[in-house]
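K.L.:
take this sequence and fold it.
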Amino acid sequence: MCPAVKVIQGGGLQAQLSSCALLAPPGEPAVTPPLVTDSPVHAPRNSAWNGFVHTERMILQAHSPMLGRLWLLLMLVFRMLILGTVASDMFDDEQEEFSCNTLQPGCKQVCYDHAFPISQYRFWVFHIVLISTPALVFLMYAMHHHKKHQVLLQDATISRLEAKWDFHLKRLYLVNVAFRMLSEVGFLIGQWKLYGFHVEAQFLCSRFPCPHTVDCFTSRPMEKTVFLLFYFVIGILSVVSSLAEFVHIIVKWFMKSNEGFKSLVREDIEIQEEISKRYLTKHEKNQASGVKSVRTRDMLRFSGRTGKSRGSTGSRKSSIRSKSLGELIV
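P.N.:
All right, here's what the predicted structure looks like:
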């Protein structure tokens, strides 16, 4: 058995060659065996990812109306995509490009904090994270419910339990929409309080350690104003869509779900009554059989007592007859 020789390519272990190819006799061609790679062969993961995307799409279609998908479109395209592509370059050098007409150490930083208590870019990122967290939590819970639902579908007796879980998921989705709407309103108010509707090109700053009132200048004030108004409009659209979705859920889902839930409660009550009736009839049968056994026992005892009384009466009659015959003979 010839030892194996490991071939190093590109700084890493790529394959193994048998040394028999190097030690072949002269005049005979060297037969190179197939390469044996050390790296494991990974199965494609596209099927698992496609299954995850399909499950997520099914969950969103089952528990989210069209207005909820509109909000998702606003979040993914008009907030996350634009913030990650365009706004990141705009606000990258924000503090470096902020300049003041003084060289006093610390004055520039203090004036920048006064002009922008929170960076607009970080404010919007925090907004996206806070708004998306309840939706992601609901999606994870719904996916867990979907897997459990697929397992329990093998049993034909869980239809009413399945309807109750759907009703519970709809209530959780309603809570998610309400939290989203309140958060959108809160961030709109915060954006208006912090930045207003216009980014000034010049700020007057007189804070310590500035020696006097200095003039500070921001970079790209017009672009930042456009982005500020754009995100404010997107926030208003998100609030309107969330409010319309909230009303839609209450009017459409809850009325139908309440009727279905009431029918389920009626079915549960009827089933409980039927079970109680069966239990009562079984108990009555057992009680009736017990009464019959007691009656038969009493009848047997009574018949035994009458037999004994009849025997004693017959003996008394025979004794009286014998006595009367004796008297006649005498």
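K.L.:
check contacts around Cys100.
P.N.:
107-108, 111, 205, 210, 214-217 (Cβ atoms under 8 Å, 6 or more residues apart in numbering). For the C-beta atoms, the positions are set from N, CA and C on the backbone; glycine is no exception.
K.L.:
quick check on Phe217: phi, psi?
P.N.:
When read as degrees, to the nearest 10, the backbone of Phe217 gives phi -130, psi 140.
K.L.:
hmm, back to that, widest-spaced pair of the contacts of Cys100?
P.N.:
Using Cβ to Cβ, the contacts of Cys100 reach their maximum pairwise distance at Cys210 and Phe217, which is 14.5 Å.
K.L.:
counting neighbours, go ahead and name the busier of the two.
P.N.:
Counted by other Cβ atoms under 10 Å, Cys210 and Phe217 do not tie: Cys210 has more neighbours, with 18 against 14.
K.L.:
where in this structure is pLDDT low?
P.N.:
Low-confidence segments of the chain, defined by pLDDT under 70: 1-65, 145-167, 254, 256-268, 279-330.
K.L.:
do that again at 80, thanks
P.N.:
When residues are selected by pLDDT under 80, those of the chain lie in 1-69, 88-95, 139, 141-171, 252-330.
K.L.:
all the helices of it, residue numbers only.
P.N.:
46-63, 66-75, 82, 88-90, 94-97, 107-115, 120-152, 159-195, 221-248, 255-329 (DSSP state H).
K.L.:
how much space separates Glu223 from Phe98?
P.N.:
Separation of Glu223 from Phe98 (Cβ to Cβ, to the nearest Å): 15 Å.
K.L.:
so which residues lie in contact with stretch 89-97, not counting its own?
P.N.:
Under Cβ under 8 Å, 6+ apart, the answer for stretch 89-97 is 112, 116, 119-121, 218-220, 223-224, 227.
K.L.:
can you do 7 Å?
P.N.:
Stretch 89-97 has contacts (Cβ atoms under 7 Å, 6 or more residues apart in numbering) with 112, 119-121, 219-220, 223.
K.L.:
and those, which is closest to Val233?
P.N.:
The nearest one, if we look at these relative to Val233 and count by Cβ to Cβ, is Gln120, at 15.0 Å.
K.L.:
partner residues bridging the residue lying closest to Asn101 once chain neighbours are set aside?
P.N.:
Using Cβ to Cβ, 6 or more residues apart in numbering and skipping the chain neighbours, the partner closest in space to Asn101 is Asp215 (5.1 Å). Note on Asp215: beta-bridge partners Leu204, judged by DSSP bridges.
K.L.:
number of nearby residues for Asp215?
P.N.:
13.
K.L.:
same deal with the one 10 residues further on?
P.N.:
Thr225 is flanked by 17 other residues according to other Cβ under 10 Å.
K.L.:
go on, Phe246?
P.N.:
16.
K.L.:
quick one, what contacts the closest residue to it other than its chain neighbours?
P.N.:
Spatial nearest neighbour of Phe246, excluding adjacent residues (Cβ to Cβ, 6+ apart): Val177 at 5.1 Å. Neighbouring residues of Val177 by Cβ under 7 Å, 6+ apart: 242, 245-246, 249.
K.L.:
from Trp71, how far out is Val177?
P.N.:
9 Å.
K.L.:
lovely, talk soon.
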